[in-house]
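Asker: Here you go, sequence then predicted model.
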Amino acid sequence: MGNLFHIWGEAGTGKTLLACALVAEVVRKGHVRWVCADGKQSFAKSLRANVGALEVHNITVNIPRGNQDVRNVILTLTESIHSDTSMVVIDPITRVLDMARRDDIMWGVELLEEALPSLVALSEMGIKVVLVSEVRNLEDKIVPVMHGSIAVWKPVDLQIVRGSGRSSIILDEGESPLAKMTIDSDGVVTLTTPLEERRRNECSERSSATL
């Protein structure tokens, strides 16, 4: 679908879990760099669950302290990136902007002018770059933070909305369903496309009719 991805949705819809599932796929082929921008380490359990028994040394996790540290990590990625890196995850890119506003409002501008172009450069090198965004609830719609600035770079836009039970639906830019995401009790993610879901239901119906 491309090399630059923008995942966004309300809290608890599974944005980080989707990123973990994507990492579990690409880590089989190369190294992954995960930048935890908000300092919260709760993602680690989900990442381990989805990667399973794969080699853990294929993933490097950065947990920067403060906005300047995050800025430095992102801006030096092109220089420090592992030679066989397949994916870079920045989770969440929007929390970085919020931190910047509290400390120095101009640093948020610097992030857009410096950090995002650096991440786009990585995507142009063939590395898949995943940006995870938080959202703001307006009166009539949900809007990702700094969506307009990120959209300039033409990412693959993936919105996540809650489904039934322990599931969520992944929508494309036109709000058409791309896949259903389900999470088991261990936090392992399974993705199924609408066509796969339809085939499973048909098989189940045929089995029931046979019985």
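Answerer: Everything's here; your move.
Asker: In this protein, where is pLDDT below threshold?
Answerer: 53-57, 95-112, 195-211 (pLDDT under 70).
Asker: For residue 168, give me its contacts.
Answerer: Residue 168 is in contact with 9, 13-14, 160-162, 180-181, counting by Cβ atoms under 8 Å, 6 or more residues apart in numbering. Placement of C-beta: from N, CA and C, glycine included.
Asker: Which of those residues sits closest to residue 187?
Answerer: The nearest member of the contacts of residue 168 to residue 187, counting by Cβ to Cβ, is residue 14 at 10.3 Å.
Asker: contacting residues around the closest one?
Answerer: Taking Cβ under 8 Å, 6+ apart, we find residue 14 in contact with 160, 168, 181, 183, 189.
Asker: Redo those residues as a markdown table? Include distance to residue 58.
Answerer: Putting these into a markdown table (distance: Cβ to Cβ, whole Å) gives the following:
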| residue | distance to residue 58 |
| --- | --- |
| 160 | 25 |
| 168 | 26 |
| 181 | 23 |
| 183 | 23 |
| 189 | 18 |
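Asker: that older thread, emit the ChimeraX select command for whichever of the contacts of residue 168 are buried.
Answerer: Buried residues among the contacts of residue 168 (16 or more other Cβ atoms under 10 Å), as a ChimeraX selection:
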select :9,13,14,160,180,181
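Asker: what's the most distant pair in the contacts of residue 168?
Answerer: 9 and 180 (14.1 Å).
Asker: Give me the residues contacting stretch 143-155.
Answerer: 2, 4-6, 8, 93-94, 97-98, 112, 116, 120, 131, 133-136, 157.
Asker: Could you list the alpha-carbon positions for that stretch in PDB?
Answerer: Taking Å, rounded to 0.1, in the frame of the first residue of the first chain, the C-alpha atoms of stretch 143-155 are listed here in PDB:
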ATOM      1  CA  VAL A 143     -10.100  14.800  13.900                       C
ATOM      2  CA  PRO A 144      -6.600  13.500  14.300                       C
ATOM      3  CA  VAL A 145      -4.200  16.000  15.900                       C
ATOM      4  CA  MET A 146      -2.200  17.900  13.200                       C
ATOM      5  CA  HIS A 147      -3.900  15.800  10.500                       C
ATOM      6  CA  GLY A 148      -3.600  18.500   7.900                       C
ATOM      7  CA  SER A 149       0.200  18.800   8.400                       C
ATOM      8  CA  ILE A 150       0.700  15.000   8.200                       C
ATOM      9  CA  ALA A 151      -1.700  14.600   5.200                       C
ATOM     10  CA  VAL A 152       0.600  16.900   3.200                       C
ATOM     11  CA  TRP A 153       3.000  13.900   2.900                       C
ATOM     12  CA  LYS A 154       0.300  11.700   1.400                       C
ATOM     13  CA  PRO A 155       0.400   8.800   3.900                       C
END
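Asker: That stretch: which residues count as buried?
Answerer: 144-146, 150, 155.
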